[in-house]
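Engineer: what would the 3D arrangement of this be:
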Amino acid sequence: MRVILSLIIAFGAFANNSDIVATALQFASRTTYGFGANSVDRMDCSAFVKRVFSLHGINLPRTSAEQSRVGREVSLSELKPGDLLFFSTYRPGPSHVGIYIGNGKMVHSSSRGNGVIISDINESYWSSRYLFARRVDGGSQISQSPKAKQTQQLNTDEIGDFILIITR
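Structural biologist: Residues are numbered from 1 along each chain as shown. Reported below is the predicted structural model:
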């Protein structure tokens, strides 16, 4: 069953917040940090967020500043896993983004941790740099290309067929 769940996440068959968090966590300790980098094994914070959401058919902009304008703003007290957290780090304004995973933690690609790591948003470093959070969901202004929608449907069909075959 665990293999099936991993395959469902890998294929992006269901795009809900729990699946986005599960996908994001799969990058932890496997991906190194590179400012401006956007490859499978080396990426910066916004490339990481973009890649995680794209695996679920959601096309986010490339930079943290652009991503900070997607979805709707939510307060800290309203945070849910899968929400995007924005911080002002090396320059004013949103210059760092992470994905909230619950219990005051986020997963993000960090130069401080040299890759995708989990951090406590209540640590003084992060709490002093926190700007706001945004929720990207069905009501958000996100772009999903017709090809991405078609690919997501094909992936959903393929994983459904696979599950049917191995459970017979």
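
Engineer: show me where this protein has its helices.
Structural biologist: In the chain, the helices defined using DSSP state H lie at 2-11, 17-25, 45-54, 64-67, 124-127, 146-166.

Engineer: quick one: low-confidence ranges for this protein?
Structural biologist: Filtered on pLDDT under 70, the chain yields the residue ranges 1-15, 138-168.

Engineer: let's go with 80 and repeat that
Structural biologist: The chain contains residues with pLDDT under 80 at 1-16, 113, 137-168.

Engineer: and residue 90, how far from residue 67?
Structural biologist: With distances taken as C-beta to C-beta, to the nearest Å, residue 90 is found 16 Å from residue 67. (Glycine included, C-beta is placed from N, CA and C.)

Engineer: okay, these two: which has more neighbours?
Structural biologist: residue 67 (22 against 10; other C-beta atoms under 10 Å).

Engineer: how about residue 112, nearest residue that isn't a chain neighbour?
Structural biologist: The spatial neighbour of residue 112 that comes closest, neighbours along the chain excluded (C-beta to C-beta, 6 or more residues apart in numbering), is residue 125 at 7.8 Å.

Engineer: residue 137 now?
Structural biologist: Nearest residue to residue 137, sequence neighbours excluded (C-beta to C-beta, 6+ apart): residue 71, at 6.9 Å.

Engineer: what of residue 122?
Structural biologist: In space, residue 122 is closest to residue 104, 5.1 Å off (C-beta to C-beta, 6+ apart).

Engineer: how many residues are close by that neighbour?
Structural biologist: If you count neighbours by other C-beta under 10 Å, residue 104 ends up with 15.

Engineer: now do residue 41
Structural biologist: 11.

Engineer: isn't it right next to residue 32, touching?
Structural biologist: Yes - contact criterion C-beta atoms under 8 Å: residue 41 and residue 32 qualify, at 6.6 Å.

Engineer: give me the neighbour count for the residue nearest to residue 137.
Structural biologist: 19.

Engineer: quick check on it: phi, psi?
Structural biologist: Residue 71 adopts backbone torsions of phi 80, psi -160, taken as degrees, to the nearest 10.

Engineer: so it sits right up against residue 132, yeah?
Structural biologist: No - with contact defined as C-beta under 8 Å, residue 71 does not count as touching residue 132 (10.8 Å).

Engineer: mutual contacts of those two, please.
Structural biologist: With contacts defined as C-beta atoms under 8 Å, 6 or more residues apart in numbering, no residue is shared by residue 71 and residue 132.

Engineer: is it true that residue 104 touches residue 121?
Structural biologist: Yes - using C-beta under 8 Å, residue 104 makes contact with residue 121 at a distance of 5.6 Å.
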